[in-house]
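S.K.: generate a structure from the sequence data that follows.
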Amino acid sequence: MIPISKPNLDNLEKEAVLEVLNSGIIASGPKVKEFERQFAEYTGVKHAIAVSNGTCSLHTCLVMNNIGAGDSVLTTPFSFIATANSILHAGARPVFADIREDSFNIDPARIEEALKRDIFKKIKAVIVVHLYGQVCDMDAINSLARKYNIRVIEDAAQAHGAKFSGRKAGTFGDGGSFSLYATKNITTAEGGMVVTNDDKAAEIARSFINHGSEKVYYHTRLGYNYRMTDIEAAIGLVQLKKLDSFNEKRRKNSDTLKKHLSKFDFIKCPPEGEKNYHIYHQFTIRILNNRRDEVLKSLNESGVGAKIFYPIAIHKQPFYIEILKKLPSMPVSEKAALEVISLPVHPGLTDGEIDIIKGAFDRIKS
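M.R.: As a prediction, this is how the structure comes out:
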C-alpha cells in the first residue's frame, strides 16, 4: 500500500539524535533554543516558541492573546478537531463560519456575517486554518480584523513554508501555530511551534508553556508543561533544512497528478490561488456525483493509501452537537466532507508509485 504520508528521515536525523543522547542534555536545552531561532528566521518572525505538539501551540496562541472565559472565537468547521478543541482548552467558546468551495479555507464573507450577528461583541478572535497547505485570503481576513477589532490566529499546522503574496504562513496575524507531527511537511515526531512578532505575547507564551514561570520556581500565572525536548529539536533542525526541497517535491507530484486527473469529469482537482504558493500537505480532490466511496474503495484495492480528511465537519461531531445545542448550517463544509479524498503526494513517492496512482484512476469507469 502506498502510504498517504511518510516521514522523510535519513542518517542526518539519526546522527543528530545520537549527538543529543551522548550530550546528556535530553530535555529542553540548547537544541530547542537553536531550533526556535532558526524556525523564526525561516518563517520571518521575531519569536518562535517550541512546544510539545500542535494543539498545545494553538492553546498557547489563544492565551498569549488574552483569550479566555466569556470570549468567543470564530473558526472553520472543516479542520481537524484540535482547532476547535483548543478554543475550549482556553476557556472560550467556538463559533463556526463556513468555508469557500474552491480552497476549503474559511470564507471571509461568512466571517463578516458572523461578526455582524455578534451584537454583544463576544467574538474576540478568529482562528484561520491554512488547510491542506494553502494560505487563506489574508488580505480580506486582516481587513475584517481591523474593521471589527478582533485578533487573528493562524492555524498553520499544514502550511510550513506556504505563502500568500510572497509572505509565509504564520506571519499575518497576532500569532501562528505549527504542528510538527509525524505526518506533517517536516516533523519532530510530536511537537509544535508558536510564532509571533509581539514581544509581550512571546513573553507570556514562554511562561505559559513552563508552568507559568518567569524564572526558576517563580510562577506568575497558571501554566502547563508544554515544552519540547532537545531530542525532538535536533530532528527539527535537520528537517528544517530540507523543508523547501520537500515542498517543491510535493508541488511537482501534485502537478503530475493534476495533469492526469484533469481528464476525468467526476474529479475536481484543488486549484491554487493567484496569490498562493501551495505546499500540498495534502493533495485533496473532490469526487463528484456521489461516487466518493466507490472511488476510495477502488483506490485502496489498487494499493493506493488514499484517505478522507475530514469525513465529518467539526460542528457535526457528537461532542460539538452536545455543546452547541443548536446545530448551525454549514452547507459547504458538509458537502466537502462527503466529496473529498486525499492522495499521496509526499516527497518520498517514487515515479513508479505515481504511475500506480495514475493507473488506479485509469481503471475506474467514467
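
S.K.: got the contact list for the nearest residue to residue 228 once chain neighbours are set aside?
M.R.: Nearest residue to residue 228, sequence neighbours excluded (Cβ to Cβ, 6 or more residues apart in numbering): residue 50, at 3.9 Å. Placement of C-beta: from N, CA and C, glycine included. Residue 50 makes contacts with 28, 32, 35-36, 39, 191-193, 227-228, 232-233, 236, as judged by Cβ atoms under 8 Å, 6 or more residues apart in numbering.

S.K.: which stretches of this protein form helices?
M.R.: With helices called from DSSP state H, the chain shows them at 11-23, 30-43, 54-64, 82-89, 108-117, 138-148, 199-208, 230-261, 292-301, 318-324, 331-339, 351-362.

S.K.: quick one: the last one to helix 230-261, angle?
M.R.: This points to helix 351-362. Helix 351-362 and helix 230-261 are oriented at 50 degrees to each other (axes from the mean of the first three to the mean of the last three Cα atoms, to 10 degrees).

S.K.: now swap in the fifth one and tell me
M.R.: Relative orientation of helix 108-117 with respect to helix 230-261: 120 degrees, computed using the same axes, to 10 degrees.

S.K.: helices or strands next to helix 108-117 in the packing?
M.R.: The contact analysis (3 or more Cβ pairs under 8 Å, 6 or more residues apart in numbering; DSSP states H and E) places helix 108-117 against strand 72-75, strand 123-129, helix 138-148.

S.K.: any buried residues in the first one, and which?
M.R.: Neighbour-count burial for strand 72-75, with 16 or more other Cβ atoms under 10 Å as criterion, is recorded at 72-75.

S.K.: TSV for those, including distance to residue 109 and pLDDT?
M.R.: TSV is the format used below for the buried residues of strand 72-75 (distance: Cβ to Cβ, whole Å; pLDDT from 0 to 100):
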residue	distance to residue 109	pLDDT
72	19	98
73	19	98
74	13	98
75	16	98
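
S.K.: now the two most distant members of those residues.
M.R.: 72 and 75 (10.0 Å; Cβ to Cβ).

S.K.: out of the helices and strands packed on helix 108-117, nearest to residue 301?
M.R.: Among the helices and strands packed on helix 108-117, strand 123-129 sits nearest to residue 301 (Cβ to Cβ), with 31.8 Å.

S.K.: who touches the closest one?
M.R.: Residues contacting strand 123-129 (Cβ under 8 Å, 6+ apart): 58, 62, 65, 67, 71-76, 78-79, 83, 86-87, 92, 95, 97, 105-106, 111, 114-115, 136, 138, 141, 144-145, 148, 150-155, 157-158, 173-174.

S.K.: now the angle from that strand to helix 54-64?
M.R.: With the same axes, to 10 degrees defining the directions, strand 123-129 sits at 150 degrees from helix 54-64.

S.K.: what average pLDDT does strand 123-129 get?
M.R.: The average pLDDT for strand 123-129 rounds to 98.

S.K.: for stretch 36-48, same thing?
M.R.: 98.

S.K.: try stretch 290-308
M.R.: Across stretch 290-308, pLDDT averages out at 98.

S.K.: distance of residue 288 from residue 66?
M.R.: Note on residue 288: its distance to residue 66, by Cβ to Cβ, to the nearest Å, is 44 Å.

S.K.: apologies, that question was intended for residue 52.
M.R.: 22 Å.

S.K.: which of these two has more neighbours?
M.R.: residue 52 (21 against 13; other Cβ atoms under 10 Å).

S.K.: give the contact list for that one.
M.R.: Here residue 52 is in contact with 190-192, 209, 225-228 (Cβ under 8 Å, 6+ apart).

S.K.: with residue 75 instead?
M.R.: 83-84, 87, 94-97, 106, 126-129, 155.

S.K.: how far away is residue 257 from residue 341?
M.R.: Distance from residue 257 to residue 341, by Cβ to Cβ: 12 Å.

S.K.: wait, I meant residue 275
M.R.: With Cβ to Cβ as the criterion, residue 275 and residue 341 are 26 Å apart.

S.K.: ranking helices and strands of this structure by mean pLDDT, which lands last?
M.R.: Of all helical and strand segments in the chain, the minimum by mean pLDDT, DSSP states H and E falls on strand 213-215, at a mean of 89.

S.K.: centre-most residue in the chain?
M.R.: Residue closest to the average C-alpha location in the chain (Cα atoms, centre = their mean): residue 157, at 2.3 Å.

S.K.: what sits closest to residue 284 if chain neighbours are left out?
M.R.: Distances taken as Cβ to Cβ, 6+ apart put residue 342 closest to residue 284, at 4.7 Å, once the chain neighbours are dropped.

S.K.: quick check: that neighbour touching residue 305?
M.R.: No - Residue 342 lies out of contact with residue 305 (Cβ atoms under 8 Å); the separation is 9.6 Å.

S.K.: mutual contacts of the two, please.
M.R.: With Cβ under 8 Å, 6+ apart as the test, residue 342 and residue 305 both reach residue 4.

S.K.: show me which of those two is the more surrounded one.
M.R.: residue 342 (21 against 16).

S.K.: show me what contacts that one?
M.R.: 4, 132, 282-285, 306-309.

S.K.: just give me the neighbour total for residue 256.
M.R.: With other Cβ under 10 Å as criterion, residue 256 counts 17.

S.K.: oh sorry, the question was meant for residue 312
M.R.: Neighbours of residue 312 (other Cβ under 10 Å): 17.

S.K.: what does the one 5 residues further on give?
M.R.: Counted with other Cβ under 10 Å, residues neighbouring residue 317 total 16.

S.K.: spatially nearest residue to it, not counting backbone neighbours?
M.R.: Nearest to residue 317 is residue 81, by Cβ to Cβ, 6+ apart, at 6.4 Å.
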